[in-house]
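Undergrad: sequence-free structure coming up:
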């Protein structure tokens, strides 16, 4: 029998792991039968490392050492806007590490973000190994479609640190399409509306027989269910402010409690029109008297607060449908993915926008892991007519280009171009007797180099002495099926070449990954409680 | 013959002549084919040649060639699916041009090390440093990099160049400095 393979949806809030067993997708549970695993890691004072539900319980009592939403930080340089924005809202410590990396500090130890994600992945792997009763080391891991090259590379690094062979970094919406489309011989245009904890993706696919062609993809990397929780938190805090003249949002002790409550109220309002409750002893007022938080929120009021968030998703839809060369009316099916799509306002708005009922037969929390499991099988089996044979034709989420004179970026491979792809552009030298060209690579659509994400650089040196414009340099970008970019620069006349898989800014080097992987194998064996045990 | 052997034979046969195939030949369609037929043909070729269909292919060289062939097939599909690009491709094919070439718009200019610095004075000394370096005058290069750095003391590119020359002056290595990757 072939080695077991798993599909992992490594989510901002929750993760899911699935596999294909006897021709059916099975979601792998923890020892208590739970199918969703919180993507949370907590470093316990006794030296133990807790993951999933046990870590979640520590969120309120130990917010400084309980790491959640690591996905919002992964693969992004510390100084990036996204990281700076995220850390304002995170109760744990985030610092700048080597190579501009973002590092997390807990109990006096520094962790790279991939190491934190590796702890979650190792936990999921343990669940899978218990399920199979043997070792599991091959996985497909999903990422939002609009993740850039560094975020993908960092996610892959996390998998490798956790001891997994990462068969593919797969786009979440594509995975969802796979889960819905496999084996049904469809010939349809499908929109995948994916509103997760931290990101929004919209992807348009053409599905025929077993081929899944992504026509266009896009989204908003900083929009998701967490923002709805924040909106709810604002409502609760404003009510409290009106009653007690005290803003809980500035209170570092009360804020985490309030955030957990906000998420709970959001969920309740997906089922009920109005929700009332009370949190006793939230804070202590003058003379140590306990003050309770009275919660009373009607669905209407919450919906008013989150409507602008909903609207932002349709701006992205508009653009992506246009990129696919289609009109909204040409979309045959709409699939909802992500826990935040349970919010009734989201469902209503999506149905109104696309003018058709949405598909949600597969649990929106699990559909991505379903697809990942199917793809894992497709990539690990050589069976020609396997019922799960499916072929994904995915695209580049962003344009890739190089810096040219004047601070501009010249695209080499456009956005939404199918991969694998190879593209060459010829450039000439800008100044007389130029001996060296610097090839700075960036990702993004802006004409200005600085406004894009810089990925790294390589140099071509020893150019012959010549006047400007006389030397021709061929720059080739190659993206293989793994989505990782390789860049080659060549002097057209002499053939002298430089090839590099560029080391991406804000990520770990190959050597670091190897070291962490080896160290991880040792520490995780000691620190990670087996999922079957209750280590509190 | 196994699937992989068959593929390897195909790849070795097609790859050396890849530039000699027209997009229509790559997709195995008639030059008069409708857009819908182009899509069908591409799906047929993708099912046949996509690298993901060969999970067991371990030979890196064969795989690289397969990726190149498949990427060209995808390029054919992309160009022929776009009415404007297809018209331009069809016009070029009459003149023997078998690959679509993006009409290059006026370029802002190619990459130059001088973009790494801002001020005119810095550019002047950087130019002098690079010229010195080219003629093998490392001391001259060293001095001019230092002058350039005096104008822009925080410039990472200049610092890197200076360090590289210093390394060489110390006798390590004999190659001219190059920009390190990933810095």
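TA: Perfect, thanks for sending it. Since we're looking at a predicted model, the values are computed, not measured.
Undergrad: any idea how far apart the tips of stretch A:422-438 sit?
TA: Stretch A:422-438 has an end-to-end distance of 20 Å (C-alpha to C-alpha, to the nearest Å).
Undergrad: that's a helix at residue A:203, yeah?
TA: No: counting by DSSP: H, G, I helix; E, B strand; the rest coil, residue A:203 falls outside a helix, being strand.
Undergrad: partners of it in the sheet?
TA: Applying DSSP bridges to residue A:203 yields these beta-bridge partners: residue A:192, residue A:217.
Undergrad: any idea what residue A:18 is bridged to?
TA: Residue A:18 has these beta-bridge partners by DSSP bridges: residue A:7, residue A:27.
Undergrad: which residues are in contact with it?
TA: Applying C-beta atoms under 8 Å, 6 or more residues apart in numbering or on different chains, we find residue A:18 in contact with A:6-7, A:9, A:25-28, A:366, A:369-370, A:372-373. C-beta coordinates here come from the backbone N, C-alpha and C atoms, glycine included.
Undergrad: return the closest of those with respect to residue A:458.
TA: Checking the contacts of residue A:18 against residue A:458 with C-beta to C-beta, the nearest one is residue A:372 at 33.0 Å.
Undergrad: from chain A, how far out is the residue nearest the centre of chain B?
TA: Nearest to the geometric centre of chain B sits residue B:68, at 12.7 Å (C-alpha atoms, centre = their mean). In this view, residue B:68 and chain A are 6 Å apart by C-beta to the nearest C-beta, to the nearest Å.
Undergrad: doesn't that residue lie inside a helix?
TA: Yes: assessed by three-state DSSP, residue B:68 belongs to a helix.
Undergrad: contacts only, for it.
TA: A:422, B:15, B:18.
Undergrad: nearest to residue A:515 among those?
TA: residue A:422 (32.6 Å).
Undergrad: helix, strand, or coil at that closest one?
TA: Secondary structure, three-state DSSP: residue A:422 is strand.
Undergrad: give me the pLDDT for residue A:427.
TA: You'll see residue A:427 listed with a pLDDT of 82.
Undergrad: confirm it sits in a helix?
TA: No: using three-state DSSP, the assignment for residue A:427 is strand, not a helix.
Undergrad: where along the chain do the helices fall?
TA: This is for chain A. A:53-56, A:58-61, A:81-89, A:113-132, A:149-161, A:172-181, A:225-244, A:254-271, A:299-323, A:344-354, A:367-380, A:510-527 (DSSP state H).
Undergrad: could you do chain B instead?
TA: B:3-14, B:23-27, B:35-49, B:60-80, B:83-94, B:120-134, B:138-151, B:156-169.
Undergrad: as a markdown table, those helices with mean pLDDT would be great.
TA: Formatted as a markdown table, the helices of chain B follow (pLDDT from 0 to 100):
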| stretch | mean pLDDT |
| --- | --- |
| helix B:3-14 | 90 |
| helix B:23-27 | 95 |
| helix B:35-49 | 93 |
| helix B:60-80 | 93 |
| helix B:83-94 | 90 |
| helix B:120-134 | 82 |
| helix B:138-151 | 89 |
| helix B:156-169 | 81 |
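Undergrad: can you redo the ones you listed as a markdown table with distance to residue A:404?
TA: Formatted as a markdown table, these follow (distance: least, C-beta to C-beta, whole Å):
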| stretch | distance to residue A:404 |
| --- | --- |
| helix B:3-14 | 35 |
| helix B:23-27 | 29 |
| helix B:35-49 | 33 |
| helix B:60-80 | 23 |
| helix B:83-94 | 24 |
| helix B:120-134 | 16 |
| helix B:138-151 | 22 |
| helix B:156-169 | 16 |
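Undergrad: determine which of those approaches residue A:123 most closely.
TA: helix B:60-80 (33.4 Å).
Undergrad: which residues does residue 53 contact?
TA: In the absence of a named chain, chain A is used. Taking C-beta under 8 Å, 6+ apart, one finds A:30, A:32, A:34, A:37-38 in contact with residue A:53.
Undergrad: um, chain B though
TA: Taking C-beta under 8 Å, 6+ apart, one finds A:391, B:47 in contact with residue B:53.
Undergrad: burial measure for the closest residue to chain B within the stretch 201-350 of chain A, as a count.
TA: At 4.9 Å from chain B, residue A:211 is the closest residue in the stretch 201-350 of chain A, using C-beta to the nearest C-beta. Neighbour count for residue A:211, taken as other C-beta atoms under 10 Å in any protein chain shown: 21.
Undergrad: mind giving me the domain split of chain B?
TA: Here the domain parsing of chain B from automatic domain parsing is B:3-107, B:113-170.
Undergrad: and the residue in the stretch 301-450 of chain A that chain B sits nearest to, what pLDDT?
TA: Distances between the stretch 301-450 of chain A and chain B by C-beta to the nearest C-beta are smallest at residue A:405, namely 3.2 Å. Here, the pLDDT recorded for residue A:405 equals 77.
Undergrad: again, but for residue A:525
TA: Looking at residue A:525, its pLDDT is 50.
Undergrad: please apply the same query to residue A:506.
TA: We have a pLDDT of 54 for residue A:506.
Undergrad: partners of the residue of the stretch 201-350 of chain A closest to chain B in the sheet?
TA: residue A:208, residue A:391.
Undergrad: my read is that it contacts residue A:389, right?
TA: No: look at residue A:211 against residue A:389 with C-beta atoms under 8 Å: they stay out of range, at 10.3 Å.
Undergrad: so what's the residue lying closest to residue A:301 once chain neighbours are set aside up against?
TA: Leaving aside its sequence neighbours, residue A:301 sits nearest to residue A:235 (C-beta to C-beta, 6 or more residues apart in numbering or on different chains; 6.7 Å). Contacts for residue A:235 were tallied using C-beta under 8 Å, 6+ apart; they are A:262, A:297, A:301-302, A:305.
Undergrad: how much distance is there from stretch B:26-43 to the middle of the chain?
TA: Chain-centre distance of stretch B:26-43: 28 Å, with C-alpha atoms, centre = their mean, to the nearest Å.
Undergrad: how many residues are close by residue 21?
TA: Looking at chain A here, since you left the chain open. So residue A:21, with other C-beta under 10 Å, has 14 neighbours.
Undergrad: wait, chain B was what I had in mind.
TA: 17.
Undergrad: ok, now the one 5 residues further on?
TA: Residue B:26 is flanked by 24 other residues according to other C-beta under 10 Å.
Undergrad: skip the chain neighbours and tell me the closest residue to it.
TA: Residue B:26 sits nearest to residue B:76 (C-beta to C-beta, 6+ apart), 4.5 Å away.
Undergrad: distance of that neighbour from chain A?
TA: Taken as C-beta to the nearest C-beta, the span from residue B:76 to chain A is 11 Å.
Undergrad: for the residue nearest to residue A:100 when sequence neighbours are not counted, give me phi and psi.
TA: Spatial nearest neighbour of residue A:100, excluding adjacent residues (C-beta to C-beta, 6+ apart): residue A:77 at 4.1 Å. With angles defined as degrees, to the nearest 10, residue A:77 sits at phi -60, psi 150.
Undergrad: what does the stretch 1-150 of chain A have sitting close to chain B?
TA: Counting by C-beta under 8 Å from any C-beta of the partner chain, the stretch 1-150 of chain A comes close to chain B at residue A:99.
Undergrad: where in the stretch 1-150 of chain A is pLDDT low?
TA: A:1-2 (pLDDT under 70).
Undergrad: hmm, try it at 80
TA: Across the stretch 1-150 of chain A, the ranges flagged by pLDDT under 80 are A:1-2, A:99, A:146.
Undergrad: number of nearby residues for the residue of it found nearest chain B?
TA: With C-beta to the nearest C-beta as the measure, residue A:99 is the residue of the stretch 1-150 of chain A nearest to chain B, at 7.3 Å. By other C-beta under 10 Å, 17 other residues sit near residue A:99.
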